[in-house]
Structure formats: C-alpha cells, structure tokens
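Peer 1: return a 3D structure for these sequence lines:
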Amino acid sequence: MVSFAILFFFALTGITLNHPDWFFNESQSTQSHSGTLDLKLLNVAGSESNAVKDLEIVEHFRTRHQLRGALENIITDEFQCVVSFKGPGYSADAFIDRETGEYTLDESSLGFVPLINDLHKGRDSGPIWSLVIDLSAVLMVLVSLSGTALILFLKRYRVSGLIILCGGAIVAFLVYFYGVP
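Peer 2: Here you go, the predicted model:
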C-alpha cells in the first residue's frame, strides 16, 4: 500500500505519455516581459570581456519576475547574454543585450498533463524527484518479485502462475520483436 500512490501516478502518466491527444489538449501559456539590467552586472571591470555577475542576474529575474525552475544555463558572448530556466512543464529564457542592458524574457507553462509527463520522465525535475523515481522503481520491483515468490508457495496455483508469467514475458517479447520498428 506504500507504493500505491506512486504506482498509480506512473501508470496514469504512462497513459498520458502514450496518448497525449486524449487529454485536455491544453494550450501553452506564454508570457513575455522586458526590462533593463544594471550594466555593472553585464560588464565586470577588470576581468575577461565575457565576464558577467551570474548570481546577481539570476536573482534579478527570480525576484522581479517570480521565475521558477532550475537555472539551466547562462551563455555569454561579447554582445548578448542568454539565461535559461527549466522545470517540469515550464521554461523561461531571457535574452540580454550587453551594451544597453535591455532584455526580453519569454516564460512558458505547458499545462498540467505536460507537467506530470515531465515528472514521469524525470525531465528538469531535480535530484530529489529523481530519487522518488528510483525508490518507486525499487518498490515496483519488490512488489513484482514478492508476487512471484508468493505464487511459488501456493501449490494449487504454482504451475498455472508460472505458465502465465512465462506467457506474459513471451507476449511482451513478441510484441517488441514484431511490433516495434
């Protein structure tokens, strides 16, 4: 029963991943923002020409625009700086002109079904959720093995249970072999 909720989650999102057109057909929500950064953050004196104050820039966007998701990357060249945030079902990209400090920020939320699908895949969900995925996989393996072990102790169902187990494995292999391009 401990694994019921997570097993249910992964079963449900397995269906939503396999058939995204069946569910809600949600549209992507996109917002655009613009503003200006302090030039001192973009052109650090006494350092190489591409140096910027990464932490202060990231905190500017997080506090001013309430961005969520993890920092994906910061790419800087002599003319522009691009800051990207990613999370399950979410992304935000800021494009900053290093000469003027002006920026545009594009923020996208994909909706509930893409959010849970990204959680199912572990995409942009961080190390704690990755641990949840690993633990739920271990629980599913234990449930499967304990069920198999239990059938071995039930004399009346042992042979038929093992035949069904082997039949299921053969069917899965045949579907893979003949059905997957």
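
Peer 1: show me what contacts L12?
Peer 2: Contact analysis of L12 by Cβ atoms under 8 Å, 6 or more residues apart in numbering lists I116. Every C-beta, even on glycine, is put in place using the N, C-alpha and C of the backbone.

Peer 1: element containing it?
Peer 2: helix 4-18 (DSSP states H and E).

Peer 1: quick check: buried residues in that helix?
Peer 2: 6, 10, 13, 16-17 (16 or more other Cβ atoms under 10 Å).

Peer 1: need the residues you listed in TSV (columns: distance to L39 and pLDDT).
Peer 2: As requested, those are exported to TSV (distance: Cβ to Cβ, whole Å; pLDDT from 0 to 100):
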residue	distance to L39	pLDDT
I6	49	84
F10	48	89
T13	45	91
T16	46	88
L17	45	88
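
Peer 1: sorry, back to before: quick check: mean pLDDT across the helix or strand that the helix holding L12 is followed by?
Peer 2: Sequence-wise, the next helix or strand downstream of helix 4-18 (DSSP H and E) is strand 29-36. The predicted model gives strand 29-36 an average pLDDT of 92.

Peer 1: what is strand 29-36 packed up against?
Peer 2: strand 102-109 (3 or more Cβ pairs under 8 Å, 6 or more residues apart in numbering; DSSP states H and E).

Peer 1: now the helix or strand following the strand it packs on - C-alpha only, PDB.
Peer 2: Following strand 102-109 in sequence order, the next helix or strand is helix 112-121 (DSSP H and E). C-alpha atoms of helix 112-121 as PDB (Å, rounded to 0.1, in the frame of the first residue of the first chain):
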ATOM      1  CA  PHE A 112      -1.000  20.000 -16.200                       C
ATOM      2  CA  VAL A 113      -0.600  17.000 -18.500                       C
ATOM      3  CA  PRO A 114       2.800  18.000 -19.800                       C
ATOM      4  CA  LEU A 115       3.800  18.800 -16.200                       C
ATOM      5  CA  ILE A 116       3.000  15.300 -15.000                       C
ATOM      6  CA  ASN A 117       4.500  13.800 -18.200                       C
ATOM      7  CA  ASP A 118       7.800  15.600 -17.400                       C
ATOM      8  CA  LEU A 119       7.700  14.300 -13.800                       C
ATOM      9  CA  HIS A 120       7.100  10.800 -15.200                       C
ATOM     10  CA  LYS A 121      10.300  11.100 -17.300                       C
END
